[in-house]
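> Give the three-dimensional model of this entry:
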Amino acid sequence: MATEMDTDFPCSITIDLPLPTARLASAALRALRVDKELSPLVCRSFTTIPPSTSHSTEETILRTEYKATTNRMLRVAVNGFMESLSVVLGVMEELDVEVLGCDVGKG
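Predicted coordinates for the structure are as follows:
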């Protein structure tokens, strides 16, 4: 995928995270979106997209795009994102029925 070079933010990375369902991808997007980037030297955007290898239109992939003024700022921002993502996925694993794969009503 060819993208135009942004002279203000020349360093960039796109992270695609596949999740089991569109609901979980959307929940992760909403949970991560609330934290704004602390530095004006970094821009971030979130979207959900369908898998490119599937004929499904269900948006199960969380796409995160980062742009930064330097590689160092990009690394720092992505490290913080990975920590936040780890917390969100941990909560999903502990509390979400779909992630656990257990039947509701069994006790």
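> make it CA atoms for all contacts and neighbour counts henceforth
OK.
> so what pLDDT did G101 get?
Note on G101: pLDDT of 52.
> whoops, I mixed them up, C43
97.
> Make sure it is indeed in a strand.
Yes: looking at C43 with DSSP: H, G, I helix; E, B strand; the rest coil, it is inside a strand.
> what's around it, how many residues?
18 (other C-alpha atoms under 10 Å).
> ok, it - contacts?
37, 66-68 (C-alpha atoms under 8 Å, 6 or more residues apart in numbering).
> Using a markdown table, please lay out those residues together with neighbour count, secondary structure and pLDDT.
Below are the contacts of C43 laid out as a markdown table (neighbours: other C-alpha atoms under 10 Å; DSSP: H, G, I helix; E, B strand; the rest coil; pLDDT from 0 to 100):
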| residue | neighbour count | secondary structure | pLDDT |
| --- | --- | --- | --- |
| E37 | 14 | coil | 91 |
| Y66 | 21 | strand | 98 |
| K67 | 22 | strand | 97 |
| A68 | 24 | strand | 98 |
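> Pick the one among these closest to T48.
The closest of the contacts of C43 to T48 turns out to be Y66 (C-alpha to C-alpha; 14.8 Å).
> any idea which element S84 lies in?
According to DSSP states H and E, S84 maps onto helix 71-95.
> as a whole number, average confidence for that helix?
95.
> Can you list the buried residues in it?
Residues of helix 71-95 classed as buried: 73-75, 77-78, 81, 85, 88-89, 92 (neighbour count, 16 or more other C-alpha atoms under 10 Å).
> Of those residues, just say which sits nearest to I15.
Distance ranking of those against I15, using C-alpha to C-alpha, places V78 first at 9.4 Å.
> Touching, F46 and R33? I think so.
Yes: applying C-alpha atoms under 8 Å as the test, F46 and R33 come out as touching, 7.2 Å apart.
> More neighbours: which of these two?
Neighbours were counted for F46 and for R33 using other C-alpha under 10 Å; F46 has more, 19 against 14.
> mind listing what that one touches?
29, 33, 62-65.
> Having no further points to raise, I will conclude here.
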